[in-house]
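1. dropping the sequence and predicted coords here.
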Amino acid sequence: MGDATKAGALPPFMAGETLMRRLVSNYHIWLWLLFVVALLLRAWDLGSQPPLDDEVLAAFSADNYVNHGILGQVMWYHPPLRNWVLYITSALFGGYSVWGLRFGNVFLGSLSIPLLGYCAHALFGRLRVSLLAAFFLALDPLHIALSREAFQESMTPCFILGGVLAAIYALKGRGWWWHYGAGLLFGLASASKWHGLFPWSLAAATYLVSPLWVVAAERRESFPARALTAVAAYGALPVTVYIAVWFPWILHGHSLADFLDFQRFLVIRQYHHVATEDVMKHVPGRAYQWFIRPVPWNDFVFFQGKAYLNIAMGNFLVWCLTLPSLYIMCRDWLRKREFGAGFAVALFLVSYLPLVLTTRGVWVFSAPAVIPFAFMISAYAIDTLMERGVIAIRMVGWYLAAVVVVTSLMYPMSTFHALDFGYAKWIAEFYNPHPQGGSGEVVR
């Protein structure tokens, strides 16, 4: 035997096997590979996707807002971070082209995938939970569809997940500065859409009561010290970020009092929001339905002599696992009282229940702020059942293959090609926007 072997070094083939095992178990590599997959799915053939009327108006809104402080012309009742993102990406790509309008959402939507995986790993420290949650979000047809449009639905959860990840790192004692990172990202999330308020509030409350259920270095802080940090990191900083996004409007002749009055008006406006009659009639608008049956959102465009129909809905093979998985996780938390399970359940509930309990319509395009936490819970349940021997790895493999097949079939429907494939004809007919029987009524 050689001197290296005598000294205890591994033979070359064993060293190679060890290196391969380390690579396979390195969740960073897998999460960023999923990011690449997600990016390809969200960017593929993007130039052939026709512009929506609201996307065209969003371009005008971005330019008018940043340069002149004027709100409009579309979705002015949401916070204006979208205008900033569109303005910046248009500058990067030389105007409001396909990429100038949509790159921000494509990139931020794709970035949500590794962020979700890191959140799951930070909470549970389990490779399969991290990868499964990220896999589900990467292949979700609804998330893909909304990431390919110039709106705030996919950028909001990216900032939410970034804030949640920073808050988890802070709660687990990785450094006090993570609290301020969380506050910054929660401010951006809420400046995109108010869905960010719910996990923001949970993170702040969790930090204040952290000695009760978080095992971390932060436990040694006194309550006054925690309260002071909470006020600065989860109060002053995100509020400042939120107000800063409104600066073009404020500097256009409005006082801080005007700003506060306008925010109160927006709360009332959001509470009483009503969609168009055809949407109210033909598209399910209650959030409690999302994880019980397939719920779609659709857009119809007639562009350059061709009709395009987009039918965006989640992969129900994944979505239907949410409520049973929630039961499994809640039962585990009641028995073990582990922080990870409790915090994941709380994230899902604080994000989902306000949408379920509201009396006005809430359409499924709002679901991206909720489904990352639903997928995290489902991934935890699958991994837990595998560890207990209830389900075999072969069954999970077949299930994941079925998820891929269903997403493949739904992908054309999520990219404005629903009218180009025969198997989607009956779904397309259900959302047929053309007049029926000459009555002039538009069915959507």
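-> Right, received. Where do you want to start?
2. just the helices in the stretch 51-200 of the chain please.
-> For the stretch 51-200 of the chain, the helices defined by DSSP state H, counting those that start in this stretch occupy 53-68, 81-92, 98-124, 127-138, 141-147, 155-171, 177-192, 197-208.
3. between those helices, which one is nearest to residue 314?
-> Between residue 314 and those, the shortest separation by CB to CB is 4.4 Å, and it involves helix 141-147. Placement of C-beta: from N, CA and C, glycine included.
4. output that closest one as PDB, nothing but the C-alphas.
-> Extracted as PDB, the C-alpha positions of helix 141-147 are listed here (Å, rounded to 0.1, in the frame of the first residue of the first chain):
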ATOM      1  CA  PRO A 141     -48.500  27.300 -12.800                       C
ATOM      2  CA  LEU A 142     -50.200  30.200 -11.000                       C
ATOM      3  CA  HIS A 143     -46.900  31.600  -9.800                       C
ATOM      4  CA  ILE A 144     -45.400  31.100 -13.200                       C
ATOM      5  CA  ALA A 145     -48.200  32.900 -14.900                       C
ATOM      6  CA  LEU A 146     -48.200  35.900 -12.500                       C
ATOM      7  CA  SER A 147     -44.300  36.100 -12.700                       C
END
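5. packing partners for it?
-> helix 27-43, helix 98-124, strand 306-312, helix 393-414 (3 or more CB pairs under 8 Å, 6 or more residues apart in numbering; DSSP states H and E).
6. need the residue closest to the centroid of this structure.
-> residue 157 (3.4 Å; CA atoms, centre = their mean).
7. quick one on the thing from earlier: deepest of the helices and strands packed on helix 141-147, which one?
-> When neighbours are counted by mean count of other CB atoms under 10 Å, the highest per-stretch mean among the helices and strands packed on helix 141-147 falls to helix 98-124, a mean of 25.
8. against residue 359, how distant is residue 421?
-> Between residue 421 and residue 359 the computed distance is 38 Å (CB to CB, to the nearest Å).
9. one step back: now the helices and strands packed on helix 141-147 as CSV including mean pLDDT and distance to residue 295?
-> Conversion of those to CSV gives the following (pLDDT from 0 to 100; distance: least, CB to CB, whole Å):
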stretch, mean pLDDT, distance to residue 295
helix 27-43, 96, 21
helix 98-124, 97, 20
strand 306-312, 88, 10
helix 393-414, 96, 13
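10. make JSON lines out of those and add distance to residue 279.
-> As requested, those are arranged in JSON lines below (distance: least, CB to CB, whole Å):
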{"stretch": "helix 27-43", "distance to residue 279": "25"}
{"stretch": "helix 98-124", "distance to residue 279": "21"}
{"stretch": "strand 306-312", "distance to residue 279": "13"}
{"stretch": "helix 393-414", "distance to residue 279": "18"}
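11. among those, which comes closest to residue 224?
-> Nearest to residue 224 among the helices and strands packed on helix 141-147 is helix 98-124 (27.3 Å), distances taken as CB to CB.
12. got the angle for the closest one vs helix 81-92?
-> Here helix 98-124 runs at an angle of 120 degrees relative to helix 81-92 (axes from the mean of the first three to the mean of the last three CA atoms, to 10 degrees).
13. which other helices and strands contact helix 98-124?
-> Helices and strands touching helix 98-124, by 3+ CB pairs under 8 Å, 6+ apart, are helix 27-43, helix 53-68, helix 81-92, helix 127-138, helix 141-147, helix 155-171, helix 339-357, helix 371-387.
14. so which of residue 421 and residue 359 has more stuff around it?
-> Shown here are residue 421 and residue 359; by other CB atoms under 10 Å, residue 421 has more neighbours (14 against 8).
15. find the residue closest to residue 411 in space, skipping its chain neighbours.
-> Nearest residue to residue 411 in three dimensions, chain neighbours excluded: residue 141, at 6.5 Å (CB to CB, 6 or more residues apart in numbering).
16. ok, now which ones touch the one you found?
-> Taking CB atoms under 8 Å, 6 or more residues apart in numbering as the criterion, residue 141 is in contact with 312-315, 407, 410-411, 413-414.
17. and for residue 251, the neighbour number?
-> Residues near residue 251, counting by other CB under 10 Å: 9.
18. contacts only, for it.
-> Residue 251 makes contact with residue 69, according to CB under 8 Å, 6+ apart.
19. from residue 76, how far off is it?
-> When distances are taken as CB to CB, residue 251 and residue 76 turn out to be 17 Å apart.
20. now the helices of the stretch 51-200 of the chain as TSV including distance to residue 381?
-> What follows is those, written out as TSV (distance: least, CB to CB, whole Å):
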stretch	distance to residue 381
helix 53-68	37
helix 81-92	34
helix 98-124	12
helix 127-138	9
helix 141-147	20
helix 155-171	19
helix 177-192	26
helix 197-208	21
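21. how far away from the center of its chain is stretch 35-51?
-> Between the centre of stretch 35-51 and the centre of its host chain there is 17 Å, according to CA atoms, centre = their mean, to the nearest Å.
22. endpoints of it, how far apart?
-> From its first residue to its last, stretch 35-51 covers 25 Å (CA to CA, to the nearest Å).
23. now what about it, what contacts it?
-> With CB under 8 Å, 6+ apart as the contact definition, stretch 35-51 has outside contacts at 98-99, 101-102, 106-107, 109-111, 113-114, 137-139, 144, 147-148, 301, 303-304, 306, 308, 411, 415-416.
24. can you do 6 Å?
-> The contact list for stretch 35-51 (CB atoms under 6 Å, 6 or more residues apart in numbering) reads 98, 106, 109-110, 113-114, 138, 144, 147-148, 301, 303, 308, 416.
25. which regions of the stretch 51-200 of the chain sit below the pLDDT cut-off?
-> Across the stretch 51-200 of the chain, nothing is flagged by pLDDT under 70.
26. now with 90, please.
-> Low-confidence segments of the stretch 51-200 of the chain, defined by pLDDT under 90: 72-75, 172-176.
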